[in-house]
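1. Predicted coordinates and the sequence they were generated for:
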Number of protein chains: 2
Amino acid sequence: MDKDEILKALAHPARMDILTWLKEPEAHFSGQEHPLDMGVCAGQFERCGLSQSTVSSHLAVLQRAGLVTTRRVGQWVFYKRNEETIAEFLKAIGNL
Amino acid sequence: MDKDEILKALAHPARMDILTWLKEPEAHFSGQEHPLDMGVCAGQFERCGLSQSTVSSHLAVLQRAGLVTTRRVGQWVFYKRNEETIAEFLKAIGNL
DNA sequence: TTTGTATATCGGCATTTATCGATACATATA
DNA sequence: TATATGTATCGATAAATGCCGATATACAAA
C-alpha cells in the first residue's frame, strides 16, 4: 500500500469518479451486458467524456495504485474496487 | 472545502510531510525560537531539503487548499493546521 | 484465416508541476 | 535611513501529466 501513489491516483476528478461509480455498480452500470458481479467493463467508463485511450490510461493508474483489480474475460476486462487496499489507505489517511 | 484541490495538495510527499509535522509541533520543532502555539515558522520547513522558494511554494499550495492557516508576526509567518477543514475532508473521503 | 470488437500502448503535443536562483517585499534593528 | 532577516514572487528550465488519434494486441466469431 503506497500512500503517496494512492494520493496521486486520487488527485484527478475522472479517477475519483471512476472509483465512486464502482462503489455502486448497480446504480451506475445497470445497462451492462455482462453480470455486474464480474466487475465493470472498461469501456463503460468512457462515459466520463474522455477518449478510450485516456480512460484506459486512468484505469491503469488506479490499478498500479492498487485501488482496483482487473479480470480479463474473453475480449473484455472487468474492473472492481480493491476494498482491502482502499480500507487500508483510509485507515492510514484517517489520522492525517 | 474543495476535495479535489485538497487531494492535489496532498499528492506530494513534501506537503504531506509538512502537514504531518504540524500535527505534533513539539515533537518536530522544539528548537524554534518562538512559542509553538503561535504556529511553526515558515523557515522551519526547509528541513525537507528543498530550497526556500520551493518550500514557500508548497506552503502556498497547502494554504490555498485550506489545509493550513497563516499568521504574520513581525518578519515571520507562522503556520498551523486548519483542523476544521482537515476534519471535513477526512469525513468526505471517509466514504471513498 | 479473416474480420470484428475490446483494450492497451505508442507518438506527439499542450498544460501543469516542481525546482532553483535571483529579486522584490515586509519588517525589525542599528 | 541604511542594513539585515524572513518570506513571497519572478523567470527559466526540466519533468510529469493529461489528452488525443493511430496502431498494436488479445480474443471471439464467421
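-> That came through, no problem. Please read these numbers as outputs of a predicted model, since none were measured by experiment. Numbering: from 1, shown residues only, chains lettered A, B, ... in the order given.
2. And the contacts of stretch A:59-69?
-> Identification of contacts with stretch A:59-69 by CB atoms under 8 Å, 6 or more residues apart in numbering or on different chains yields A:1-2, A:5-6, A:8-10, A:12, A:15, A:18-19, A:22, A:39, A:42, A:45, A:70, A:79-82, A:85-86, A:89. All C-beta atoms are positioned from the backbone trio N, CA, C, and that covers glycine.
3. out of these, which are buried?
-> By the neighbour-count criterion of 16 or more other CB atoms under 10 Å in any protein chain shown, those include these buried positions: A:6, A:8-10, A:12, A:15, A:18-19, A:22, A:39, A:42, A:45, A:79-82, A:85-86, A:89.
4. contacting residues around the residue in chain A positioned nearest to chain B?
-> Closest contact between chain A and chain B, by CB to the nearest CB, is at residue A:11 (4.0 Å). Under the criterion of CB under 8 Å, 6+ apart, the neighbours of residue A:11 are B:4, B:7, B:8, B:10, B:11.
5. tell me the pLDDT at it?
-> Here, the pLDDT recorded for residue A:11 equals 98.
6. and it, backbone torsions?
-> phi -80, psi 40 (degrees, to the nearest 10).
7. cool, residue A:32 as well?
-> Geometry field for residue A:32 lists phi and psi as phi -70, psi 140, criterion degrees, to the nearest 10.
8. Give me the neighbour count for it.
-> 18 (other CB atoms under 10 Å in any protein chain shown).
9. try the one 4 residues further on
-> Counted by other CB under 10 Å, the residues lying close to residue A:36 total 16.
10. now do residue A:92
-> Counted with other CB under 10 Å, the neighbours of residue A:92 add up to 12.
11. Which helix or which strand is home to it?
-> Taking DSSP states H and E as the definition, residue A:92 sits inside helix A:83-94.
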